[in-house]
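> sequence and predicted structure are below.
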Amino acid sequence: MATSATTNGTNGTNGSTETSQTHTASQRYMSTRGEDRDLSFEDVVLKGLASDGGLYIPEHIPEAAQWQSWKDLSFPDLAFEVLSLYISPSEIPAQDLKGIINRSYSTFRAPETTPLVHLKDNLYLLELFHGPTFAFKDVALQFLGNLFEYFLVRKNEGKTGRDRYHLSVVGATSGDTGSAAIYGLRGKKDVSVFMLHPKGRVSPIQEAQMTTVLDKNVHNLAITGNFDNCQDIVKALFADPDINSTLKLGAVNSINWARILAQIVYYFHSYFALSKKLDGFKLGDKVRFVVPTGNFGDILAGYFAHRMGLPVDKLVIATNNNDILTRFWENGVYEKQATHGKAAEGGLPEDGVKAHEDGVKETLSPAMDILVSSNFERLLWFLAYHFASSAGMDDEWNEKQAGQEVAQWLQQLKTEGRFKVYEDVLRTFRQTFDSKRVSDEETLETIQKLYKEVGYVLDPHTAVGVHAAVRSDAALREADEKAASIPHISLSTAHPAKFSGAVTLALEKEKDFNFEKQVLPQEFVGLDKKEKRVSEAPNDWKAVRELVKKQVEEELKAEYAS
Ligand SMILES: Cc1ncc(COP(=O)(O)O)c(C=O)c1O
Ligand SMILES: N[C@@H](CCOP(=O)(O)O)C(=O)O
């Protein structure tokens, strides 16, 4: 990767206001497939997906040499330090960035923004659900909403009517990204939002959170398909040069680099919180982070934190029965088709797990019911780069090789449904990552166990992580008593009230348990009775394209007529 400290910037392709001021290599961006490069932060945030189909990554991961000095910073101040390493002040001046960050986290209910709680023994829980929609997505999407607004206000200064830059955000959701994006963007000027969710496959609260937002710029599309179909439609729209340029598409999914960037902050923040809670823990001691994983966005932020210098023993990927990542960890094969519990013709599963004909298994942690993890492509680039570096060639060659390798792997995934990486690549992956598959039964048991032992109610996704953390801790103890002291920080990705079905199933037999009294936040009371707005759409990207075009046109007409 590029190692230069500063270079001279030029204007990006998307009309960013950057001039020839200095920036570091970590503040310029390139595509994982090698075609696009030397882009500004504004370019990659507004474009979302690279034109070669790849995802954007910084040209260099900055080493945060002074990270220990961040120990006592508040969440917003820490966010400023981390984000500044990736955003040149020539693009967003420091005062403006501070303003964006402060606005984004003022909406959180917890003073620490993302508090760390001690569950038991070596196990800590990082509560990421204190934002407006009660899910970890708020941490990044409150920020991204304000960032879009900032760029649009600047681009549109002095412009009127159709000269204004109007962003059409299209996103796919299995429930949480949708509401977090909608709450981040509702009512914002010059933005239309289209959220695609798989019809009937999100929880009732998630559905209500999205569809009860009636702002004119918000549109919910219930797609007759699964989450991967929604994600594929979004990617097809981005790949269509016509709609992409005429409608100026914007991404809110974790394909957007800003989503990953904002999430790096809580890895540092929780590490410092741990150092204050745990007697004898010193800055520099290692921790394990355990992350309930679907699209690989959340845990990828942990990878960046680690590469920046945060002492991480392992990043533990916790998957449900949709386990493409755990299978990859086991054998180096990245394969779409589920290998066990797969639906036979007519949807009958082999191992009792309810599965759809498309191979996606229906689990109690539906936000992770996904066949392919889109962000894994970003990690693949770093793995391929590491492998290429061993050939002893120059950096330009290594980067080119990595881009070509990733493009080839992804092409193979498309045509053959799978690809296999070299043993060396797998070894490098395993040095940083561990991976555990958690069944629905284990998810329920974990919710029950934690409730009985410490009175804490976990949401099912968080329970997947906690179960993996307990297993990781046990494995360490078995292997080496000394290693047993490594604390585990398990990421709590959603409030339990969002998944009342699974929580009730796990705890209904507990005599003292009362969902309404112990779990349901005031904000959710009566949500299901409110007016809703949602349209159905087929699993067909061209049909969705026409729908989006028509709707944006209507919105623009209404806007400019008034
Ligand atoms: C509650 C919850 N947990 C975990 C995940 C998985 O996160 P990621 O897709 O970033 O791996 C999601 C969805 O993204 C989610 O909504
Ligand atoms: N689980 C997600 C799926 C979309 O993932 P994203 O992180 O790429 O936006 C959801 O809740 O919608």
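Arrived safely, thanks for sending. It should be emphasised that the depicted structure is a prediction, and the values quoted were computed from it without experimental measurement. Ligands and ions are numbered 1, 2, ... in the order given.

> who's in contact with residue 107?
131, 132, 138, 142 (C-beta atoms under 8 Å, 6 or more residues apart in numbering). Any C-beta I mention is one placed from the backbone N, CA and C, and that applies to glycine too.

> now flag whichever of those residues is closest to residue 295.
residue 138 (16.2 Å; C-beta to C-beta).

> with adjacent residues omitted, what lies nearest to that closest one?
Spatially, and ignoring its direct neighbours in sequence, residue 138 is nearest to residue 131 (2.5 Å; C-beta to C-beta, 6 or more residues apart in numbering).

> confidence score at the one you found?
We have a pLDDT of 98 for residue 131.

> now it. Its backbone dihedrals?
Main-chain dihedrals, residue 131, degrees, to the nearest 10: phi -90, psi -180.

> that one and residue 108 touch, don't they?
Yes. Using C-beta atoms under 8 Å, residue 131 is in contact with residue 108, at 5.2 Å.

> spit out the residues that contact these two alike.
138, 142.

> between those two, who's got more neighbours?
residue 131 (26 against 20; other C-beta atoms under 10 Å).

> ok, the more buried one - contacts?
Residue 131 neighbours (C-beta under 8 Å, 6+ apart): 107, 108, 109, 137, 138, 139, 142, 180.

> may I have the distance across stretch 64-83, first residue to last?
End-to-end span of stretch 64-83 (C-alpha to C-alpha, to the nearest Å): 11 Å.

> what are the buried residues along it?
Within stretch 64-83, the residues scored as buried using 16 or more other C-beta atoms under 10 Å are 64, 67, 70, 73, 75, 76, 78, 79, 80, 81, 82, 83.

> for stretch 509-529, same thing?
Those buried within stretch 509-529 under the rule 16+ other C-beta under 10 Å are 513, 518, 519, 520, 524.

> from the chain's centroid, how far away is the helix or strand encompassing residue 46?
Assigned by DSSP states H and E, residue 46 belongs to helix 41-47. Its chain's average C-alpha position is 17 Å from that of helix 41-47, according to C-alpha atoms, centre = their mean, to the nearest Å.

> go on, stretch 289-303?
Averaging C-alpha positions (C-alpha atoms, centre = their mean) puts stretch 289-303 7 Å from its chain's average.

> swap in stretch 434-450?
Using C-alpha atoms, centre = their mean, the distance from the centre of stretch 434-450 to the centre of the chain it belongs to is 21 Å.

> list the buried residues of it.
The neighbour-count check on stretch 434-450 (16+ other C-beta under 10 Å) flags 434-440, 442-444, 446-450 as buried.

> and the helix or strand in which residue 384 is found, what does it pack onto?
When elements are assigned from DSSP H and E, residue 384 belongs to helix 376-389. On a contact count with 3 or more C-beta pairs under 8 Å, 6 or more residues apart in numbering; DSSP states H and E, helix 376-389 meets strand 56-58, helix 297-308, helix 395-416, helix 423-432.

> and residue 323, which of those is closest to it?
Nearest of the helices and strands packed on helix 376-389 to residue 323, taken as C-beta to C-beta: helix 297-308 at 14.4 Å.

> which helices and strands does that closest one pack with?
Packing partners of helix 297-308 (3+ C-beta pairs under 8 Å, 6+ apart): helix 257-277, strand 287-292, strand 312-319, helix 376-389.

> is it anywhere near ligand 1?
Yes. Counting by C-beta under 6 Å from any ligand atom, ligand 1 is contacted by helix 297-308 at 297, 298.

> near ligand 1, which residues of the stretch 101-250 of the chain are found?
Counting by C-beta under 6 Å from any ligand atom, the stretch 101-250 of the chain sits next to ligand 1 at 135, 176.

> how about the strands in the stretch 101-250 of the chain?
Using DSSP state E, counting those that start in this stretch, the strands of the stretch 101-250 of the chain run over residues 116-120, 123-127, 167-172, 191-198, 218-223, 249-251.

> do the stretch 401-550 of the chain as well
Using DSSP E, counting those that start in this stretch, strands in the stretch 401-550 of the chain cover 418-420, 433-437, 488-492, 535-537.
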